[in-house]
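Trainee: got a predicted structure here, sequence first:
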Amino acid sequence: MKHEVLSLGLGDLVIMKNCDDTLGIVVDLEGAIPHRPNSRNRVGILWSDGDGVDYEPGAWLEVVSE
């Protein structure tokens, strides 16, 4: 399934590029993880199969629904 790559916004439904099996929702666009200096370009995602917010590089994500 091919999805259009869009800018990320709060509440967007996303998947990891080239991996259609898990859906997530964007919950944080600030992306800085405390005590991780190289985490500025990350986006907080609440994954459907997870138990908390994971911070993923925005470039790895693909919007499937705004």
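Mentor: Ah, there it is.

Trainee: is the residue nearest to the spatial centre of the chain in a bridge, and if so with what?
Mentor: The centroid of the chain falls nearest to Ile45 when counting by Cα atoms, centre = their mean (4.5 Å). On the basis of DSSP bridges, Ile45 takes part in beta bridges with Val26, Asp54.

Trainee: got the contact list for it?
Mentor: Contacts for Ile45 were tallied using Cβ atoms under 8 Å, 6 or more residues apart in numbering; they are Val14, Gly24, Ile25, Val26, Val27, Val53, Asp54, Tyr55, Glu56, Leu61. Just so you know, the C-beta spots here come from the backbone N, C-alpha and C atoms, and that holds for glycine as well.

Trainee: how about 6 Å then?
Mentor: Gly24, Asp54, Glu56 (Cβ atoms under 6 Å, 6 or more residues apart in numbering).

Trainee: again with Pro57
Mentor: When contacts are counted by Cβ under 6 Å, 6+ apart, Pro57 touches Arg42.

Trainee: please report phi then psi for it.
Mentor: Backbone dihedrals for Pro57, given as degrees, to the nearest 10, come out at phi -60, psi 130.

Trainee: how near is it to Val43?
Mentor: 8 Å (Cβ to Cβ, to the nearest Å).

Trainee: do Gly11 as well
Mentor: Here the distance between Gly11 and Val43 works out to 12 Å (Cβ to Cβ).

Trainee: of the two, which one has the most company?
Mentor: Each of Gly11 and Val43 has its neighbours counted (other Cβ atoms under 10 Å); Val43 has more, 24 against 10.

Trainee: before we move on, what SS does that one have?
Mentor: In the three-state summary, Val43 is assigned as strand, counting by DSSP: H, G, I helix; E, B strand; the rest coil.

Trainee: repeat for Asp49
Mentor: Of the three states, Asp49 takes coil under three-state DSSP.

Trainee: tell me which residues touch it, please.
Mentor: Residues touching Asp49, when contacts are defined by Cβ under 6 Å, 6+ apart, comprise Thr22.
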